[in-house]
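1. Could you work out the structure for the sequence below:
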Amino acid sequence: MKQQYDISVPLTAIAYALAILYTVLFLCLLPFDRQTVARRDFIVYWATGQQLVHHGNPYDPAALNQIEHDAGFPGSASYYMRNAPWALPLALPLGYVSPMAAALPWSLLMLGLLVASVHILWKLLGSPGNHLEWLGYCFPPALVCVNLGQTSIFLLFGLALFLRLHKTRPFAAGAALWLCSIKPHLFLPFVLVLLLWIALTRSYRILAGGAAAMAAGSLVTTWIDPAAWSQYAYYMRTSVVTREFTPCLADLLRDSIRPTAEWLAFVPAILGCLWALVYFWPRRHHWDWLEQGSLLVLVSLLVAPFGWIFDQSLALPAVLWGASRTSSQLLLSALALVYILVELQLVHFDLHSAAWLWTAPAWLVWYLVARGLSGEPRVMPIPASPVASNSSPR
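-> Residues are numbered from 1 along each chain as shown. Purely as a prediction, here's the structure:
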């Protein structure tokens with residue numbers, strides 16, 4: 001009988017090749033091209049670090065504008081770190097060196113966190129011997145983080161650590177979620193279910209770990225810049241950056257109805273939270289954070305009040321779960337095609353473009369199909385240690 005040709009093999013090879021080429025060429029160019037350094041989001045973090053080192057206001061538009069343009073940023077306006085003040089310590093080390101000296105190490109740090117995240121997730125999935133972990137190393141939204149110097153990779157790493165540690169080291173798992181708090185708007189349904197799950201399972205060590213990490217981060221921020229909190233509050237009151245269009249469902253809804261009504265961008269998140277409660281409750285006694293939690297993350301990304309393609313790095317656990325459980329060549333081919341389309345769009349479309357609206361729904365649909373077609377048993381949770389499995393309150 002004639003053997004059926006596996007179309008997924010050449011398609012994944014093309015997706016891998018484009019991803020590797022996109023990243024390697026960029027990293028090789030980065031140390032030598034001032035404009036490449038200055039055009040990336042990295043320049044915002046570097047300028048913020050400069051302000052912190054020189055005891056300036058990290059949310060001062062005039063100062064940031066001057067620093068960014070002196071470094072070669074071609075934009076007509078200054079850009080801020082939108083993150084809450086407890087993320088400022090991440091930018092501080094960049095302020096001690098020039099942008100050319102900091103750019104490559106910063107991107108290599110992003111790449112290292114991506115590799116570490118994939119390694120953690122693939123081991124959780126049982127390290128299937130099919131080499132599909134390369135779908136993680138070549139995940140386009142994550143590689144956009146590497147190339148832009150975007151901090152969404154920190155969130156992915158924090159999520160991966162939480163998935164790995166929540167059974168055996170709950171305090172550390174909660175502390176890892178501090179990294180996810182850098183962009184909390186991407187986790188609204190996820191956080192709602194997490195808090196309810198903590199209350200139902202009395203996993204209070206996770207809550208304590210998160211609170212301790214938040215307190216430590218806030219103390220470091222206050223030590224670096226005691227005025228950061230009031231400066232950020234003023235920035236949030238006066239900035240119009242929240243009215244900026246980002247390619248997500250929430251901004252599409254707001255701009256289609258009333259662009260100045262910022263509350264409309266939160267309607268999808270509210271509906272997503274209601275769905276999350278309905279989804280979680282009948283599954284509360286056998287909840288699996290890797291499998292079912294991945295679906296929560298995908299929905300959280302879909303309904304986020306704003307978001308970009310690089311924020312969809314958080315879809316990686318769901319993609320790896322589906323890839324490790326499916327035996328469908330057609331499904332893997334479809335995933336490879338999504339990769340290729342995203343990689344081609346990176347060349348032709350600005351990240352503000354509405355052309356990116358399809359990607360968040362694509363990861364969700366693909367994951368749902370993979371779950372539906374999977375003949376494999378559910379991912380078993382990591383065996384709990386004797387301490388973690390104790391029935392006493394945590």
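
2. So V299 versus L364, what's the distance?
-> Distance, V299 to L364, using C-beta to C-beta, to the nearest Å: 7 Å. Using the backbone N, CA and C atoms, a C-beta is placed for each residue, glycine as well.

3. same thing with M214?
-> 29 Å.

4. mind listing what's buried in the lowest-mean-pLDDT helix or strand in the chain?
-> Among the helices and strands of the chain, helix 34-38 carries the lowest confidence by mean pLDDT, DSSP states H and E, at a mean of 75. Across helix 34-38, burial judged by 16 or more other C-beta atoms under 10 Å covers T36, V37, A38.

5. Would you convert the residues you listed into a markdown table that also reports distance to Q51?
-> Converted to a markdown table, the buried residues of helix 34-38 look like this (distance: C-beta to C-beta, whole Å):
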| residue | distance to Q51 |
| --- | --- |
| T36 | 23 |
| V37 | 18 |
| A38 | 17 |
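
6. Closest one of the residues you listed to S328?
-> T36 (39.6 Å; C-beta to C-beta).

7. List the contacts of that closest one.
-> The contact partners of T36, by C-beta atoms under 8 Å, 6 or more residues apart in numbering, come to F26, L29, L30.

8. Repeat that for A362.
-> V338.

9. and it, what pLDDT?
-> With respect to pLDDT, A362 scores 96.

10. which element is it on?
-> helix 359-373 (DSSP states H and E).

11. and what of Y279?
-> helix 267-280.

12. What count of nearby residues applies to the closest residue to I67 other than its chain neighbours?
-> Distance criterion C-beta to C-beta, 6 or more residues apart in numbering; nearest residue to I67, sequence neighbours excluded, is A47 at 4.3 Å. Using other C-beta atoms under 10 Å, A47 is surrounded by 30 other residues.

13. how about A47, what does it touch?
-> Applying C-beta under 8 Å, 6+ apart, the residues contacting A47 are L64, I67, E68, A71.

14. again with Y22
-> With C-beta under 8 Å, 6+ apart, Y22 has these contacts: L143, N147, E343, L346.

15. Neighbour count and distance to R164 added to the residues you listed, as a markdown table?
-> Below are the contacts of Y22 laid out as a markdown table (neighbours: other C-beta atoms under 10 Å; distance: C-beta to C-beta, whole Å):
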| residue | neighbour count | distance to R164 |
| --- | --- | --- |
| L143 | 26 | 22 |
| N147 | 22 | 26 |
| E343 | 20 | 29 |
| L346 | 18 | 30 |
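
16. Among the residues you listed, which one sits closest to S107?
-> Looking at these and their distance to S107, the nearest is N147, at 6.9 Å (C-beta to C-beta).

17. And the closest one, how close does it get to L301?
-> 20 Å.

18. With G209 instead?
-> Applying C-beta to C-beta, the value for G209 to L301 is 24 Å.

19. now swap in L29 and tell me
-> Computed as C-beta to C-beta, the L29 to L301 distance reads 30 Å.

20. out of these two, which sits in the more crowded spot?
-> Just comparing L29 and L301: by other C-beta under 10 Å the higher neighbour count belongs to L301, 28 against 12.

21. Show the pLDDT at that one.
-> pLDDT for L301: 97.

22. helix/strand/coil for it?
-> helix (DSSP: H, G, I helix; E, B strand; the rest coil).

23. residues touching the spatially closest residue to it that is not a sequence neighbour, list them.
-> The shortest distance from L301 to any non-neighbouring residue, by C-beta to C-beta, 6+ apart, is to A360 (5.1 Å). By C-beta under 8 Å, 6+ apart, the contact set of A360 is C248, L249, L298, L301, L302, G307, Q312, A315.

24. For ChimeraX, write the selection for the buried entries among these.
-> Of the contacts of A360, the buried ones go into a single ChimeraX selection, burial set by 16+ other C-beta under 10 Å:
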select :248,249,298,301,302,307,312,315
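
25. Check the contacts of A360 and tell me the two furthest apart.
-> L249 and A315 (14.7 Å).

26. Go ahead and confirm Y204 touches W197.
-> No: taking contacts as C-beta atoms under 8 Å, Y204 lies outside contact range of W197: 11.6 Å.

27. could you say what helices and strands the helix of greatest length in the chain packs with?
-> The longest helix of the chain (DSSP state H) is helix 99-124. For helix 99-124, the packing partners by 3 or more C-beta pairs under 8 Å, 6 or more residues apart in numbering; DSSP states H and E come out as helix 8-29, helix 34-38, helix 42-53, helix 134-137, helix 140-148, helix 152-165, helix 316-325.

28. Done for today, thanks.
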